[in-house]
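Trainee: have a look at this prediction, sequence included:
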Amino acid sequence: MVNAVLGTLGVAVAACGPAAVRATSDTTASTSTTVAPRPSTGFLPPEIKFGTATVGAPSPTTTVPTERGASRPIDPSNDAGQEVVIAKGGYLLPEWLVAEVNLPITWTNLSGVPQQVVFDDAPVRSPVIAPGATFTWTSPGYAISLTYHTAAGRHARLTLQNPNAP
């Protein structure tokens with residue numbers, strides 16, 4: 001009698017085992033989440049709804065800009081002026097630019113690869129800036145402090161102030 005019960009129990013377990021495993025794997029597979037793939041370029045379409053902007057064509061003669069024709073280079077950490085360099089790796093020089101509110105600001109792409117400037121809290125997203133090309137943006141005309149980043153994820157700060165402000 002014990003052998004008959006064990007034999008029946010063994011058949012029942014054997015019959016349930018694979019079905020239970022199949023049901024579990026089917027259930028697991030049906031609850032998986034599908035994530036939409038990111039665009040392969042990583043660049044967003046351009047948007048300028050805060051100020052105005054233009055993109056300059058690439059030039060093989062593009063050099064590191066200096067402030068207002070001065071011979072001194074841009075300070076990499078903090079500088080006053082209207083020029084930003086996108087360097088190798090997408091680094092932004094200077095990391096903090098203090099600029100005049102009514103003058104255009106120009107980003108020069110010297111990184112060797114296409115870049116894009118995206119403001120974090122304002123609707124400004126440049127078109128793709130080719131190596132050697134520029135992106136020029138003019139503010140809407142008032143003092144403000146903004147943060148932005150490149151397509152490479154490098155962050156910087158831009159402070160716009162009136163030229164006669166103390």
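Mentor: Arrived safely. Numbers count the residues shown, from 1 in each chain.
Trainee: ok, what's across the strand from residue 157?
Mentor: As for beta bridges, residue 157 partners with residue 96, residue 147 under DSSP bridges.
Trainee: what's the burial count for it?
Mentor: 16 (other Cβ atoms under 10 Å). The C-beta positions use only the backbone N, C-alpha and C, and glycine is treated the same way.
Trainee: same question, residue 153
Mentor: Other residues close to residue 153 by other Cβ under 10 Å number 10.
Trainee: wait, it touches residue 92, no?
Mentor: No. If you go by Cβ atoms under 8 Å, residue 153 and residue 92 don't touch, sitting 10.8 Å apart.
Trainee: how much space between the nearest residue to residue 146 once chain neighbours are set aside and residue 140?
Mentor: Leaving aside its chain neighbours, residue 146 sits nearest to residue 158 (4.8 Å; criterion: Cβ to Cβ, 6 or more residues apart in numbering). Per Cβ to Cβ, to the nearest Å, residue 158 is found 13 Å from residue 140.
Trainee: neighbour count for the two, which is higher?
Mentor: residue 158 (22 against 12).
Trainee: shouldn't that one be in contact with residue 99?
Mentor: Yes. Using Cβ under 8 Å, residue 158 is in contact with residue 99, at 6.5 Å.
Trainee: any residues in contact with both of the two?
Mentor: Jointly contacting residue 158 and residue 99 under the rule Cβ atoms under 8 Å, 6 or more residues apart in numbering are residue 105.
Trainee: mind listing what residue 92 touches?
Mentor: 84-86, 107, 148, 150, 154-156.
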